[in-house]
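> give me coordinates for this.
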Amino acid sequence: MGMPFEDYDLTTPKARQAFNHLFGKDELAIIGLPVYAGRLPKNIENFFSSLVGNAASAVALVLYGNRDYNDALVELKLKLEE
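Model (predicted):
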């Protein structure tokens, strides 16, 4: 898109523990999470508590393999709205 961006790989629990981010209201957050049995990962609450949205826009993505994503996209949408 020719615009500056920041990319964070939060795959490991250690990376998620050390992460926190304050978004500006003019920023766009693209948040992608894996799906396990149609749901978001169980121990992901700390990730959401490390984000401060400031009414920034967000794109929610859920990533799955060989299975339906069920309610995971709705779960992520609700978490990002919080």
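> which stretches in the protein count as helices?
13-17, 45-49, 72-81 (DSSP state H).
> and these, which is most packed in?
Mean neighbours per residue, mean count of other CB atoms under 10 Å, is largest over the helices of the chain for helix 72-81, with a mean of 16. From N, CA and C alone the C-beta is placed, and that goes for glycine too.
> now that one: mean pLDDT?
Average pLDDT, helix 72-81: 93.
> pull the residues that contact it.
29, 31, 33, 35, 38-40, 48, 53, 58, 60-62, 64 (CB atoms under 8 Å, 6 or more residues apart in numbering).
> quick one: which of those residues sit in strands?
Judged by DSSP state E, the contacts of helix 72-81 include 29, 31, 33, 58, 60, 61, 62 as members of strands.
> neighbour-wise, which of these leads?
residue 62 (21 neighbours; other CB atoms under 10 Å).
> gap between residue 24 and residue 7?
17 Å (CB to CB, to the nearest Å).
> between these two, which one's more packed in?
Ranked by neighbour count (other CB under 10 Å), residue 24 and residue 7 place residue 24 first, with 10 against 5.
> can you verify my assumption that the more buried one contacts residue 52?
No - at 10.1 Å, residue 24 does not count as touching residue 52 under the criterion of CB atoms under 8 Å.
> mutual contacts of those two, please.
Contacts common to residue 24 and residue 52, judged by CB under 8 Å, 6+ apart, are absent.
> run a quick neighbour tally on residue 35.
21.
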